[in-house]
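Undergrad: Below are the sequence and a predicted model for it; my questions follow.
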Amino acid sequence: MKDHSAAKILIILFVLTLLALLVHGYHPGAEDDGVYLPAIKHDLNPALYPHDSDFFTLQLQATVFDKLVAGSIRLSRLPLPLVILAWHFLGIFLILWGCWRIACHCFPEWPARWAAVSTVAALLTLPVAGTALYLVDQNLHPRALATAAILAAIASVIERRFWLVAILLAAACAIHPIMASFGISYCIILLWKPTGQRETSLSAVAFALPLSWIFEPTSPAWQQAAHTRDYFYLSAWHWYEWIGVFAPLLLLWWFSRLARQGNLPVLGRLSSRLLFYGMFQLVVALIILLPPQFDRLKPFQPMRYLHLLYLLMFLFAGGLVGQRFLRTSWVRWAALFVPLCAVMFLAQRATYPASNHIDWPGATPRNQWLQAFLWVRQNTPQDSLFALGPNYLQSPGEDAYSFRAWAERSVLADIGKDASVATQVPRLAPRWQQEVQAQIGWEHFQKADFESLRSRFSVTWVILERFHDPGLPCPYQNATVMVCRIE
């Protein structure tokens, strides 16, 4: 079969992106987007979040992501939800395009190339062992844009366009510095030659840069926040997560052997160098995460090197399956990808059981917490300060949606997301600890407890589950939650 034209390739990638969105869903403001979406909204309207903007602005000082997205909203003059969805779609498209470029260098046959890209598209929301990451999140995340730049840089390394490699990796650094560091590491290893010294010295410099952070002291408040992040502590990892660390190394060794047997030199090189990357980064992670003296380095999240490793591993695996088994048989393609996509779809429905599978811009949310958040946005003053309890993100039916992102109002710190920010910005840890401790026992709070929050922190509103009897006026209620005013 003849090679595809550029236009046909782009059309197929567009269709794959759309199908991936339909399979994996779209949930703006959920999970990590509880940091990024409020930052974008605050850039557009600095009057928002007068009490708690530090919980996202300080962390985002190292990235241009929120400014980039906010600038595109200003320039386009389109509604924010529509632009956010467009950026998310673009991120997925660029990742799949990067996968296509790499697959073209690895496999001569087009079925193998498309099988490689389709495998990644089908597995976008696959969890990466022990790291609290997906390959691609269900909402706009700077990690997706940085990953797209890293994949393009890897393709450019293969093509020996080194000036473009530098530009792409610099762009990744500007968007997500931590993920970019892993991309830089792999590109250096990909360029490394056993007889050369330059690449070795570059690698040493790259991993010596963070050493000045090692001996920065940590406070008890920081320690408390850090211990809410299991992926900071390898002793908290489950046995099956360790399988997810070592099994990919064996698979990459196998892939490199298959590549040599099948006369696929680029695949062999990428696989063997990815194996070395995985072993090297694992050693670095163990050095950082195991000694308690290096606690301050834990927020660098060194085990998240697995994200790039998993993405490329599944790309290679899909290509090999396409080359050896799928070929041009659409029956085999359907037998593989229909069940695979069905499993991923059902997994997403189980992850967000109380919500729409896709939160289309302007659509009414099925999630009753979100309905309450929207009421808050439309009916309370912008300078209001809310309290929802330290674990509201884990409440039944809440589905990990951020109050800040949807309600556009300030809120006392929580354990689910703000603890992670406190580890990234240590000076926030004492404030985080104070606000969280003030909400301990939330399920049993009475009117006097809420009045204490008003006295200590100027909290003016609370959102409670319906089983609560707060003794407060509650102008909004639905079957799950109620919004109450502290007078």
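TA: Alright, I've got the coordinates.
Undergrad: Quick check: residue 83 vs residue 14, distance?
TA: Per C-beta to C-beta, to the nearest Å, residue 83 is found 18 Å from residue 14. (Each C-beta comes from the backbone N, C-alpha and C, glycine too.)
Undergrad: Compare neighbour counts for these two and give me the winner.
TA: Of the pair residue 83 and residue 14, residue 83 is the one with more neighbours under other C-beta atoms under 10 Å, namely 21 against 14.
Undergrad: Tell me where the stretch 101-250 of the chain is predicted with low confidence.
TA: Per-residue confidence for the stretch 101-250 of the chain (pLDDT under 70) gives these ranges: 194-217.
Undergrad: all strands of it, in order?
TA: 127-128, 133-134 (DSSP state E, counting those that start in this stretch).
Undergrad: How far away from the center of its chain is the first one?
TA: Same thing as strand 127-128. For strand 127-128, the distance from its own C-alpha centre to the chain's C-alpha centre is 10 Å (C-alpha atoms, centre = their mean, to the nearest Å).
Undergrad: In terms of secondary structure, what does that strand contact?
TA: Contacts of strand 127-128 with other secondary structure elements, assessed using 3 or more C-beta pairs under 8 Å, 6 or more residues apart in numbering; DSSP states H and E, are made with strand 133-134, helix 306-321.
Undergrad: how about the most centrally placed residue in the chain, what does it touch?
TA: The structure's the chain has its C-alpha centroid closest to residue 137; by C-alpha atoms, centre = their mean the separation is 5.0 Å. Contacts of residue 137 were listed using C-beta atoms under 8 Å, 6 or more residues apart in numbering, and they are 31, 32, 33, 125, 143, 144.
Undergrad: And the residues you listed, which is closest to residue 242?
TA: Among the contacts of residue 137, residue 125 lies closest to residue 242 (C-beta to C-beta), at 21.9 Å.
Undergrad: how much space between that closest one and residue 97?
TA: If you measure residue 125 against residue 97 using C-beta to C-beta, the figure is 19 Å.
Undergrad: and what of residue 140?
TA: Relative to residue 97, residue 140 is positioned 17 Å away (criterion: C-beta to C-beta).
Undergrad: what does residue 39 give?
TA: Plainly put, residue 39 is 27 Å away from residue 97 if you go by C-beta to C-beta.
Undergrad: for residue 188, same thing?
TA: 23 Å.
Undergrad: before we move on, what about residue 34?
TA: When distances are taken as C-beta to C-beta, residue 34 and residue 97 turn out to be 29 Å apart.
Undergrad: neighbour-wise, which of those two wins?
TA: Using other C-beta under 10 Å, the more surrounded residue of residue 34 and residue 97 is residue 34, with 26 against 21.
Undergrad: So residue 396 lies in a helix, does it not?
TA: No - under the criterion used here (DSSP: H, G, I helix; E, B strand; the rest coil), residue 396 is coil, not part of a helix.
Undergrad: dump the residue contacts of it.
TA: With C-beta under 8 Å, 6+ apart as the criterion, the residues that contact residue 396 are residue 354.
Undergrad: pLDDT score for it?
TA: At residue 396 the predicted local confidence, pLDDT, stands at 93.
Undergrad: got it, and residue 416?
TA: Per-residue confidence at residue 416 stands at 89 (pLDDT).
Undergrad: repeat for residue 403
TA: What the model reports for residue 403 is a pLDDT of 97.
Undergrad: Also the one 10 residues further on?
TA: Per-residue confidence for residue 413 comes out at a pLDDT of 95.
Undergrad: list the contacts for it?
TA: 52, 55, 390, 419, 422, 431, 432, 435, 436.
Undergrad: what's the answer for residue 99, then?
TA: The contact partners of residue 99, by C-beta under 8 Å, 6+ apart, come to 116, 117, 120, 151, 311, 315.
Undergrad: Equivalent analysis for residue 56, please.
TA: Residue 56 makes contact with 35, 36, 38, 39, 42, 49, 404, 421, according to C-beta under 8 Å, 6+ apart.
Undergrad: What is the nearest of those residues to residue 24?
TA: Each of the contacts of residue 56 was checked against residue 24 using C-beta to C-beta; the closest is residue 36, at 18.0 Å.
Undergrad: now the helices and strands packed on strand 127-128 as JSON lines including distance to residue 414 and mean neighbour count?
TA: JSON lines is the format used below for these (distance: least, C-beta to C-beta, whole Å; neighbours: other C-beta atoms under 10 Å):
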{"stretch": "strand 133-134", "distance to residue 414": "20", "mean neighbour count": "22"}
{"stretch": "helix 306-321", "distance to residue 414": "25", "mean neighbour count": "24"}
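Undergrad: closest to residue 395 out of those?
TA: Comparing the helices and strands packed on strand 127-128 by C-beta to C-beta, strand 133-134 comes nearest, at 21.8 Å.
Undergrad: ok, and what's touching the closest one?
TA: 124, 125, 126, 127, 128, 143, 304, 306, 307.
Undergrad: any idea whether residue 413 is helix, strand or coil?
TA: Using three-state DSSP as the criterion, the local structure at residue 413 reads coil.
Undergrad: Kindly provide the distance from it to residue 455.
TA: The spacing between residue 413 and residue 455, counted by C-beta to C-beta, is 18 Å.
Undergrad: What of residue 269?
TA: Shown here: residue 269 relative to residue 455, a distance of 65 Å by C-beta to C-beta.
Undergrad: Grab the longest helix from the protein for me.
TA: When secondary structure is assigned using DSSP state H, the longest helix within the chain turns out to be helix 80-106.
Undergrad: Pull out the buried residues from that one.
TA: By neighbour count, with 16 or more other C-beta atoms under 10 Å as the criterion, the buried positions of helix 80-106 are 80-81, 83-89, 91-106.
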